[in-house]
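> got a predicted model here, sequence first, then my questions.
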Amino acid sequence: MAEIRYNENGSITLSVNGKEETFEQVCLLVNFLRENNLEISLEEIKTLDTVLFKHFDLREYLFSINKTPAILAAETDITLSTIEKILNKDDVNMSIFKDIVQHLNLEMFLVKDGEAIKFTPHHKWGDFLTKIRRKAGLSHRDVAKQVGCTNVVVGSLEMKRLPRLQTFCKILDTLGVELYIQSK
């Protein structure tokens, strides 16, 4: 079993059957197996410990599970140019990003002061953000001014409508909320 761990400082730790390996060593192994027509189960290389979104490199993660952006685009029916924008953390539709994360069997968590909530349609993350904003004594207008968006965008987010990815991250930063990603 191979485990890939993205550390908070941005480095990557890999363990193969309990022995730590470098990312390059594992990549060489995967390439060797591919070149020699040997199979490797992608299920064996899929564990991702909790990582802060700011340090998460989706391109590296795809590489680690033997997927290319083109394969991901074909699997999800999302254009390759949109996939590339997501990989570059450009300003993309947050709903599409969320779909990609779910397709890759990953989860997102919002965390503030030790309180965490899964970022899925089945949880009340909009209420979570509302509670944090109110606790900080901020209005929609206050948050919008700090982020550089309209108060309607902030209100919509609390009603569970997603803004653009960069706007979403700026709102989270303003509220002191961190976004984490991990394997399901």
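Great, that's in hand.
> by mean pLDDT, point me to the weakest helix or strand of the chain.
Taking mean pLDDT, DSSP states H and E as the measure, strand 45-48 is the helix or strand of the chain with the lowest mean score, a mean of 52.
> that one: what's the following helix or strand?
strand 51-52 (DSSP states H and E).
> can you give me the buried ones in stretch 112-123?
For stretch 112-123, a neighbour-count test (16 or more other Cβ atoms under 10 Å) marks K112, I117, F119 as buried. From N, CA and C alone the C-beta is placed, and that goes for glycine too.
> which ones among those lie within strands?
In strands, judged by DSSP state E, the following of these are found: K112, I117.
> need the buried residues of stretch 112-123 in a markdown table with distance to K98 and pLDDT, can you?
What follows is those, written out as a markdown table (distance: Cβ to Cβ, whole Å; pLDDT from 0 to 100):
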| residue | distance to K98 | pLDDT |
| --- | --- | --- |
| K112 | 19 | 90 |
| I117 | 14 | 87 |
| F119 | 7 | 82 |
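> can you redo the buried residues of stretch 112-123 as JSON lines with distance to D127?
Below are these laid out as JSON lines (distance: Cβ to Cβ, whole Å):
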{"residue": "K112", "distance to D127": "13"}
{"residue": "I117", "distance to D127": "9"}
{"residue": "F119", "distance to D127": "13"}
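> out of the buried residues of stretch 112-123, which comes closest to A144?
K112 (19.1 Å; Cβ to Cβ).
> from the buried residues of stretch 112-123, which is closest to Y180?
F119 (9.1 Å).
> please, where are all the strands along the protein?
For the chain, the strands defined by DSSP E occupy 2-6, 12-16, 19-21, 45-48, 51-52, 106-112, 115-118, 178-183.
> strands paired with the fifth one, and their directions?
Listed by DSSP bridges, the sheet partners of strand 51-52 and their directions read strand 178-183 (antiparallel).
> mean confidence score for the partner strand?
Here strand 178-183 scores 88 as its mean pLDDT.
> just the buried residues of that strand, please?
The neighbour-count check on strand 178-183 (16+ other Cβ under 10 Å) flags L179, Y180, I181 as buried.
> out of these, the closest to D57 would be?
Once Cβ to Cβ is applied, the member of the buried residues of strand 178-183 that ends up nearest D57 is I181, at 10.6 Å.
> name whatever forms a beta bridge with that closest one.
For I181, the beta-bridge partners under DSSP bridges are V51, M108.
> tell me the contacts of it?
Shown in contact with I181 (Cβ atoms under 8 Å, 6 or more residues apart in numbering): L48, T50, V51, F53, F56, V101, L106, E107, M108, F109.
> and H103, by the same measure?
So H103 contacts L72, E75, T76 (Cβ under 8 Å, 6+ apart).
> and it, how far from R161?
To R161, H103 is 21 Å away according to Cβ to Cβ, to the nearest Å.
> any weak-confidence spans in this protein?
For the chain, the stretches flagged by pLDDT under 70 are 1-34, 37-48, 121-123.
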